[in-house]
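Chemist: Quick one: sequence and predicted model below, then my questions.
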Amino acid sequence: MSEKNREGKRTARERLADERAKQKAADKRRRTLIVGASVVCVLGLAAVIGVVAANSGKDEDKASGPAVAPSGAQGKDSLAIPVGKDGAKSTLTIWEDFRCPACMAFETAYRPTFHELTDSGQLRIEYHLVRLIDGNLGGTGSLRAGNAAACAQDAGLFRDYHDVLYANQPKETDDAFGDNGKLIALAGKVKGLDTAAFRSCVNDGRHDSWVDKSNDAFKAGHFSGTPTVLLDGKNIYQDQTMTPAKLKQLVQQANKG
């Protein structure tokens with residue numbers, strides 16, 4: 001083998017090693033970001049317990065009336081909004097809050113993988129909407145955004161609007177999503193969503209009681225915080241080794257079985 005060929009192979013190996021090292025570092029940063037944000041969401045409950053106590057008994061924003069599930073909602077009490085094909089061999093259950101920074105970090109990191117796996121029919125996602133941050137910090141942004149997302153589900157555009165909400169998430173302490181006008185303006189980023197029917201659904205709070213019912217189910221499940229992510233019943237969010245690549249591998253293995 002010539003010296004030139006040996007040098008070329010060595011250089012290729014070095015490039016491959018560098019790429020692997022960069023990917024490993026990126027995965028580590030992603031996990032740190034997601035776990036770190038999760039701590040903020042969970043520990044926020046203890047940090048503002050005085051606020052919650054001060055507001056106990058004040059339930060003006062509590063939805064009243066029967067729970068009206070959005071179109072196509074499934075599962076127990078129709079509390080799950082499905083994304084993906086019914087026949088998928090793997091099911092990912094996600095409990096999330098649109099005001100939660102950990103949920104946003106998780107969705108941002110995993111979104112391309114979610115889209116790939118659901119579009120290919122390998123994965124089905126069941127979204128459950130809760131209002132943990134409303135309870136922690138006050139306000140109604142979690143409720144209002146949850147209702148708006150359910151209205152988008154009525155229009156068959158939940159996934160697109162769901163992604164837009166996270167892409168435009170305000171700071172956790174900013175209750176910007178409590179403004180229906182803000183939520184309607186964001187609907188303009190989803191083709192075909194900003195209609196009279198959608199606006200009426202948002203402004204009327206058609207699915208408010210449904211969001212509250214979902215929130216009650218979250219509490220009854222004794223989950224530790226948002227997001228709670230279960231792959232076929234197993235909590236994978238607590239797995240410090242989990243990455244989008246690993247999730248994809250698990251789903252693909254299930255589809256081969």
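Modeler: Okay, I see it.
Chemist: Give the next helix or strand downstream of the lowest-mean-pLDDT helix or strand in the chain.
Modeler: Least confident element among the helices and strands of the chain, by mean pLDDT, DSSP states H and E: helix 49-54 (a mean of 34). Remark: after helix 49-54, the chain's next helix or strand is strand 81-83, criterion DSSP states H and E.
Chemist: packing partners for that next one?
Modeler: strand 123-129, helix 141-154, helix 158-167 (3 or more CB pairs under 8 Å, 6 or more residues apart in numbering; DSSP states H and E). Any C-beta I mention is one placed from the backbone N, CA and C, and that applies to glycine too.
Chemist: Next one: the closest residue to Ser78 other than its chain neighbours from Lys189, what distance?
Modeler: Nearest-residue entry for Ser78: Ala69, 3.8 Å, with adjacent residues in sequence omitted and distances by CB to CB, 6 or more residues apart in numbering. Taking CB to CB, to the nearest Å as the measure, Ala69 and Lys189 are separated by 25 Å.
Chemist: Ok, Ser90 next?
Modeler: Using CB to CB, Ser90 is found at 30 Å from Lys189.
Chemist: do the same with Ala152
Modeler: According to CB to CB, Ala152 and Lys189 sit 11 Å apart.
Chemist: Of the two, which one has the most company?
Modeler: Neighbour tally, Ala152 and Lys189, criterion other CB atoms under 10 Å: the higher count belongs to Ala152, 27 against 15.
Chemist: mind checking pLDDT for that one?
Modeler: Ala152 carries a pLDDT value of 98.
Chemist: Which residues are in contact with it?
Modeler: Residues in contact with Ala152 (CB atoms under 8 Å, 6 or more residues apart in numbering) are 158, 160-162, 187, 190, 193, 198.
Chemist: Isn't Glu172 up against Cys103?
Modeler: No - if you go by CB atoms under 8 Å, Glu172 and Cys103 don't touch, sitting 10.5 Å apart.
Chemist: Between these two, point out the one with more neighbours.
Modeler: Applying other CB under 10 Å to Glu172 and Cys103 shows that Cys103 carries more neighbours, namely 29 against 20.
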